[in-house]
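Q: Quick one: sequence and predicted model below, then my questions.
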Amino acid sequence: MFSLKSNGTTIIKRILTTKILFKSYSTSSNVTVTRNDKYSQVTEEDISYFKSILEEGGVITDKDDLRMYNTDWMNKYKGNSKVALRPKTTEQISAILKHCHSRSLAVVPQGGNTGLVGGSVPVFDEVILSLGLMNKIEKVDQSSGVVTCQAGVVLETLDHHLSRFGYTVPVDLGAKGSCQIGGNVSTNAGGIRLLRYGSLHANVLGIEAVLADGTVLDNLSCLRKDNTGYDMKHVFIGSEGSLGVITRVSLLTPPRPTSVNVAMFGCKDFASVLVALQRAKTELGEILSAFEFLDRKSMDKVVAHGKAKDPLSESHDFYFLIETSGSNKDHDKAKLDLFLENILAAEVVSDGVVAENVTQATDIWKVRETIPEALQKAGAVYKYDLSLPLSHFYKIVEVMQDRLGDKATAMGYGHVGDGNVHLNISAPSYSKEIYDIIEPFVYEYVAEQRGSISA
Amino acid sequence: MALRILVPIKRVIDYAVKIRVRPDKRGIETANVKMSMNPFDEIAVEEALRLKEKGVAKEVMVVTVGSKACQETLRTALAMGADQAIHVEHDSDVIEPIGVASVLHKISLKHTPNLILLGKQAIDDDCNQTGQMLAGMLKWPQGTFISKVTVDKEKGVEIDRETDSGSESLSLSLPAVLTCDLRLNEPRYAKLQNIMKAKKMEVQKTTPKELGVDMSPRLEIVQVNEPPKREGGVKVKSVDEVVAKIKGA
């Protein structure tokens, strides 16, 4: 998805066109797409060829087995691919793509298939290239913290491996148990620690990718500084598989914090959340590692669908979660205590709780991280991942709710520390009426504020 | 009724931490490892606070035996809502249940609680002895592994306790010693206002020597080892192969 750099109606039209190309032919969309016949269809010969390069179990053609590859996590987009491939090496991927290129077969690369916008599943019958078996962690450099691994390594697995060396992954998101590092890099995933460690553009040192014609592009450097030539990895980061399939990544990882604190607070208005954010940045400074926000409606959904419990004893209109990470427990506690004393005295928050052990810390995070799952269970959900200036961060939710009336519920949560709001609209079922209320208004609103429709 | 409840608590390696054996194999690595209140002790504190909220108890006192660092565990209990905290300072790697029970015995004689709630066991040594020993020293009835407790003016204490074959119901007269099991309750979070209040509260200090207790260990840990790594399983293709493998071929 492309961010808006200028405003005007021409940009809106371009966005709609882009959307149509990626939108799927499914019950949830109101756009019909036709298959481009420039692309061939998969034949038995193709399947035989794939079977000749991949090991036993590497070629999946059974309709039932294909279901999970053809369907996205939200069960909203359903493709119709006849074959999923599970290579184990870069060479196998190169051979596969070379063949598909010569046969004009469309391919969709797929990592953990945890994406929420239908980008990881076929639109029609594209060959699914699953990176799931490319899961070797090749090397961790103990002194620099640089890790080299294949693209199919699950993020959480990578983090556990790094913990043995005293390091941690710089990116963290709710899907960590299933998402893969290759997918994270291809989509330039932000996550909950961007505030502290920066984006993947700051942490990826090198990439190995296979281009559409099978050419292997080895840009896998482990160097912190290298100004020779064009820095191609940055073009691949966030390219969503449109330039090539990322097969290996070398990642700079930060030292694992030995002291972590998690706390959750309730506020009476959004302005207080912004005041707290400012104070957190100033008073917690370098130990602040996450500042996440959710509104009352998001909390209600999480509690209603049993994914987590509300840690606060009363209901509040706005909530935020703070995490600190550092290397000195006493120093961090002193900073946190002072911060808490100050926000309480200044009445920035109405209530708050602090986790006293790791289990409580995990439970507080669960409140924020299981919102997408809870919304899934609640019915139909329209999701928008927006970047907006902080003054409009929550206004979009209020404005959208006004437009929807009682037809649906609009709610907001997300990385307020980065100006990135997850606008979600929850309705009993998908309908054209609700869709038309939301789009294209949401895009026009974001364009007007010079924000981004894909944070 | 107005019970005075004493809740002994212990600072242990956090339940969620992956523990490692020290290189000298004499114990578990505790340097730079997250420490927290023993989860079963948290449950005991929570139950004491609930009894206070029900009007059955008028005071909740927490006590711990250990180094200076244990004060933060007392602060956590105070932040949950305890009224008084006592720190029995004892700087040693090894603190055994019999020593702790002896200390608690002396503390009980001094502070006269009529109900003592402990966690059933500490998750670092899994001894499951302190509560039982203390009851013996005080000559009080004991209800262990409780999953439910109600206090009645006439009947004393009614408990459900967990056993391998199901739940057992018992009545005990007061004063009594109870040890708490997992299903008794879900401990509360420490609220911001209470955390601030707890910081200013005074912690009473004493030592085993002052109480006349000898804490010398009676056991020596000779060696600590990790459990053997789980070996991979093997898939076989026929029943005959299974038999051959079992026979140790």
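A: Received, thanks.

Q: isn't residue B:28 right up against residue B:13?
A: Yes: the pair residue B:28 and residue B:13 qualifies as a contact (CB atoms under 8 Å) at a distance of 6.8 Å. In short, each C-beta sits where N, CA and C put it, glycine included.

Q: which residues do these two both contact?
A: Residues touching both residue B:28 and residue B:13 (CB atoms under 8 Å, 6 or more residues apart in numbering or on different chains): B:19, B:124.

Q: Pick out whichever of the two has more residues nearby.
A: Summary of the neighbour comparison: residue B:28 and residue B:13, criterion other CB atoms under 10 Å in any protein chain shown, with residue B:13 having more neighbours (18 against 13).

Q: Tell me, how many residues neighbour residue A:65?
A: Taking other CB under 10 Å as the neighbour definition, residue A:65 ends up with a count of 10.

Q: Could you confirm it falls within a strand?
A: No: the assignment for residue A:65 (DSSP: H, G, I helix; E, B strand; the rest coil) gives helix, which keeps it out of a strand.

Q: How about the residues of chain A by chain B?
A: A:163, A:258, A:260, A:265, A:311-313, A:337, A:340-341, A:344, A:349, A:351-360, A:362 (CB under 8 Å from any CB of the partner chain).

Q: what about burial for these, which qualify?
A: A:258, A:260, A:265, A:311-312, A:340, A:344, A:349, A:351-360 (16 or more other CB atoms under 10 Å in any protein chain shown).

Q: if I look at the residue sitting furthest away from the middle of chain B, how far off is residue A:346?
A: No residue in chain B has its C-alpha farther from the mean C-alpha position than residue B:240, which lies at 50.9 Å (CA atoms, centre = their mean). Computed as CB to CB, to the nearest Å, the residue B:240 to residue A:346 distance reads 77 Å.

Q: Close to chain A: what parts of chain B are there?
A: For chain B, the residues in contact with chain A under the definition CB under 8 Å from any CB are B:14-18, B:32, B:34, B:36-37, B:39, B:42, B:76, B:79, B:189-193, B:195-196, B:199.

Q: Give me the neighbour count for residue A:419.
A: Using other CB under 10 Å as the criterion, the residues surrounding residue A:419 number 17.

Q: before we move on, the earlier item: selecting buried members of the residues of chain B next to chain A in ChimeraX, what would you type?
A: The following ChimeraX line selects those of the residues of chain B next to chain A that are buried, judged by 16+ other CB under 10 Å:
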select /B:14,15,17,34,36,37,39,42,76,79,189,190,191,192,195
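
Q: so where do the helices sit in the stretch 351-455 of chain A?
A: A:358-369, A:371-378, A:395-404, A:432-438, A:441-448 (DSSP state H, counting those that start in this stretch).

Q: again with chain B
A: Remark: helices assigned in chain B by DSSP state H are B:39-53, B:71-80, B:97-111, B:130-138, B:192-200, B:208-211, B:239-246.

Q: Format those helices as CSV; extra columns: distance to residue B:122.
A: Converted to CSV, these look like this (distance: least, CB to CB, whole Å):
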stretch, distance to residue B:122
helix B:39-53, 8
helix B:71-80, 12
helix B:97-111, 9
helix B:130-138, 8
helix B:192-200, 23
helix B:208-211, 18
helix B:239-246, 40
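
Q: Can you tell me the centre-most residue of chain A?
A: residue A:189 (4.6 Å).

Q: Apart from its chain neighbours, what residue comes closest to residue 179?
A: Since you didn't name a chain, this refers to chain A. Excluding its sequence neighbours, the residue lying closest to residue A:179 (CB to CB, 6 or more residues apart in numbering or on different chains) is residue A:112, at 4.0 Å.

Q: let's do chain B instead
A: Spatial nearest neighbour of residue B:179, excluding adjacent residues (CB to CB, 6+ apart): residue B:131 at 3.9 Å.

Q: residue contacts, the residue nearest in space to the middle of chain B?
A: Closest residue to the average C-alpha location of chain B: residue B:119 at 3.4 Å, with CA atoms, centre = their mean. Taking CB under 8 Å, 6+ apart as the definition of contact, the neighbours of residue B:119 are B:9-10, B:38-44, B:179-180.
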